[in-house]
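K.L.:
just coords:
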């Protein structure tokens, strides 16, 4: 389902930014110009309704924007052991709940 949330990606000892543009119970797409190796595992932090949620993810695919035909670039990730508050948030989004865009 479509979403629009700011994300912080904690990879190695660095912090990167991205935007979650699509999410489900078991995965999400993070729009970012950075590319991480497939099967990399790291934590992503999103802000939802004023609360931060730490989500462990594994990179499943990367999308590079080498032409004008591709509208987004970023990473498709699998959520590893989804936290309960993340699952509740996804459920609320499916019910028509609007995500906090701050």
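P.N.:
Everything's here; your move. Bear in mind the structure is a predicted one, so any value in this text is a computation, not a measurement.
K.L.:
Can you list the strands that the longest strand along the chain pairs with?
P.N.:
Under DSSP state E, the strand in the chain containing the largest number of residues is strand 51-63. If you go by DSSP bridges, strand 51-63 pairs up with strand 41-48 (antiparallel), strand 74-79 (antiparallel).
K.L.:
lowest average confidence, helix or strand, in the chain?
P.N.:
Of all helical and strand segments in the chain, the minimum by mean pLDDT, DSSP states H and E falls on helix 84-94, at a mean of 82.
K.L.:
who's the residue nearest to residue 42 when sequence neighbours are not counted bridged to?
P.N.:
Excluding its sequence neighbours, the residue lying closest to residue 42 (C-beta to C-beta, 6 or more residues apart in numbering) is residue 11, at 4.7 Å. For glycine as for every other residue, the C-beta is placed from the backbone atoms N, C-alpha and C. Residue 11 has these beta-bridge partners by DSSP bridges: residue 14.
K.L.:
Least confident of the strands paired with strand 51-63, on average?
P.N.:
If you rank the strands paired with strand 51-63 by mean pLDDT, strand 41-48 sits at the bottom with a mean of 90.
K.L.:
Report the buried residues of it.
P.N.:
42, 44, 46, 47, 48 (16 or more other C-beta atoms under 10 Å).
K.L.:
And these, which is closest to residue 20?
P.N.:
Distance to residue 20, by C-beta to C-beta, is smallest for residue 46 among these, at 6.0 Å.
K.L.:
Quick check: beta-bridge partners of that closest one?
P.N.:
residue 7, residue 53.
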